[in-house]
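Colleague: Any chance you can model this:
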Amino acid sequence: MTTGHVFIATSLDGFIARPDGDIDWLHEIDAAGEDHGYDAMMESVDGLIMGRKTFEKVLTFQDWPYTKPVFVLSRTLDADAIPATLREFIKVTTAEPQVLMAELNQKGWHSVYVDGGQTIQSFLRNGLIDTLRIARLPRLIGRGVPLFGMLETDVFLEHVETRSFSSGLVSSLYRVKV
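Modeller: Next comes the predicted model:
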């Protein structure tokens, strides 16, 4: 089965964005020259799955950051919202997480990068996340979009490693126990 992997940054108080979705605070840390493992993670996945809000935020970046296929989970996003230059890389889908992962498995995908707060929460609730790499930045933003939401049952994690960097960023890798 295709496995889901999370690679995300949070404020020390657990938020992935401000209440309005802004992530300006992520770029204010001086982490130049630090290898947090992003490139290695991207090399290890076949593509990405993200939610509409994350997709819309990424569209505001100066350059499209991905060279791999991207599936955007949305019931409201119009295909016309995808720039013509990106349409060959991006597919909007209303498929439920389990259905999408089964489809990707049939296509031969081994692993996928899952991004976006609600999407990560949904994939966790459905047992579709294998690992979570969470980078905590040395900043409190007080309120915003939490990484984790309500769960019907506990999700047990195995701590694999933690690395700290001179910028103050602390990155921990967890494996979801089944």
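
Colleague: Who is the residue positioned nearest the centre of the chain paired with across the strands?
Modeller: Central residue of the chain (CA atoms, centre = their mean): residue 115, 2.0 Å from the mean position. Note on residue 115: beta-bridge partners by DSSP bridges are residue 50.

Colleague: Surely it touches residue 47?
Modeller: No. Residue 115 is beyond contact range of residue 47, at 11.2 Å (criterion: CB atoms under 8 Å). Any C-beta I mention is one placed from the backbone N, CA and C, and that applies to glycine too.

Colleague: so what's the residue nearest to the centre of the chain up against?
Modeller: By CB atoms under 8 Å, 6 or more residues apart in numbering, the contact list for residue 115 reads 6, 7, 8, 48, 49, 50, 51, 54.

Colleague: Now tabulate the residues you listed in a markdown table and tack on distance to residue 173, neighbour count and pLDDT.
Modeller: Formatted as a markdown table, the contacts of residue 115 follow (distance: CB to CB, whole Å; neighbours: other CB atoms under 10 Å; pLDDT from 0 to 100):
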| residue | distance to residue 173 | neighbour count | pLDDT |
| --- | --- | --- | --- |
| 6 | 10 | 23 | 98 |
| 7 | 9 | 21 | 98 |
| 8 | 12 | 17 | 97 |
| 48 | 19 | 23 | 98 |
| 49 | 19 | 29 | 98 |
| 50 | 20 | 24 | 98 |
| 51 | 22 | 21 | 95 |
| 54 | 21 | 25 | 95 |
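
Colleague: Would you check which pair of those residues lies furthest apart?
Modeller: With CB to CB as the measure, no two of these lie farther apart than 7 and 51, at 15.1 Å.

Colleague: For stretch 69-82, measure first residue to last.
Modeller: In stretch 69-82, first residue to last residue: 13 Å (CA to CA, to the nearest Å).
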